[in-house]
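Colleague: Sharing a model prediction with you, sequence too.
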Amino acid sequence: MMQELVSAIAKALVDNPEAVQVKEISGEQSVIIELKVAPEDMGKVIGRQGRIAKAIRTVVKAAATKENKRVVVEII
Amino acid sequence: MKTIEVMGKSIEEAIENGLKELGTTRDKVEIEVIEQGSKGIFGRFGFKPAKVKIQLKDDYESIARNFLREVLDKMKIKCEIHIKDEDDTLKVNLVGPRMGILIGYRGETLDSLQYLLSLVVNKNNKENEYKKVILDTENYRKKREETLIRLADRLAYKVKRYNKSITLEPMNPYERRIIHAALQNNPNVKTHSEGEEPFRKVVVEPRI
């Protein structure tokens, strides 16, 4: 579900939604979500001073507290 | 984006047919003429119908609604989305149970979602068409404003009493503005901001 959330947000932000790839790596207490977008869309998910990335992380974190999990969103 | 192709005896008629089919008005669509059409001779020989392509323009409201619906679904948050499109501002209000999770610490989650929403809404528009987006729930924005004004008054009193400046915690521009505005006409103190975003802070100091 966390994976789908990141994917939905990323696809709405970028110019090449078909190039959005999200991978979810589940650990015991934490989940790592790897987000990959087209090189020219990197700015669209990171933003000036990482402002967009921070907003994505905050929203994902809120969704994850319901499930008592720690979520790390990495943009690669 | 929904697109249809329609025909008619003239371009005008084709457009009218299309608008009727889509149940919309001319300002909400983009029209492209594919075939000019020709009346033919005596309305018979060489008659060709006019053909136009009509594309429903995505309006801000439906972009916002679709994005929020999808994100909230994935967050497993059930709520109603109320949207008002007022001139240059899109006002979105979410109504549902357990909205606290959506507000977050000091409105952090609500602000993040509002920022993402404004990026999505303004993604495809041209310059000079920036649409402001306000996302709210349970009247949080108003309540927060009242809290900040109370805080400002309390601090102003302290600053005057101890004749010492007080620096507030980092706030976003919107919240800083509320503090500045609240103390603008206070005869005892003056305010300014220090530091770099996103850690800019308001400083309240005695007016000498």
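Modeller: That came through fine.
Colleague: shaky segments in chain B?
Modeller: B:1, B:42-44, B:58, B:126-128 (pLDDT under 70).
Colleague: Tell me where it has strands.
Modeller: B:3-8, B:29-35, B:50-56, B:80-86, B:89-95, B:132-137, B:166-167, B:189-194, B:201-206 (DSSP state E).
Colleague: mind giving me a markdown table with the ones you listed and columns for mean neighbour count?
Modeller: In this view, the C-beta of every residue, glycine as well, is placed from N, C-alpha and C. Below are the strands of chain B laid out as a markdown table (neighbours: other C-beta atoms under 10 Å in any protein chain shown):
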| stretch | mean neighbour count |
| --- | --- |
| strand B:3-8 | 16 |
| strand B:29-35 | 14 |
| strand B:50-56 | 19 |
| strand B:80-86 | 12 |
| strand B:89-95 | 17 |
| strand B:132-137 | 19 |
| strand B:166-167 | 15 |
| strand B:189-194 | 17 |
| strand B:201-206 | 19 |
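Colleague: Make a markdown table out of those and add distance to chain A.
Modeller: Compiled in a markdown table, the strands of chain B are given as follows (distance: least, C-beta to the nearest C-beta, whole Å):
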| stretch | distance to chain A |
| --- | --- |
| strand B:3-8 | 19 |
| strand B:29-35 | 20 |
| strand B:50-56 | 19 |
| strand B:80-86 | 15 |
| strand B:89-95 | 13 |
| strand B:132-137 | 11 |
| strand B:166-167 | 22 |
| strand B:189-194 | 17 |
| strand B:201-206 | 17 |
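Colleague: mind putting those in a markdown table, distance to A:Gly43 included?
Modeller: Putting the strands of chain B into a markdown table (distance: least, C-beta to C-beta, whole Å) gives the following:
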| stretch | distance to A:Gly43 |
| --- | --- |
| strand B:3-8 | 30 |
| strand B:29-35 | 28 |
| strand B:50-56 | 28 |
| strand B:80-86 | 28 |
| strand B:89-95 | 24 |
| strand B:132-137 | 20 |
| strand B:166-167 | 33 |
| strand B:189-194 | 27 |
| strand B:201-206 | 28 |
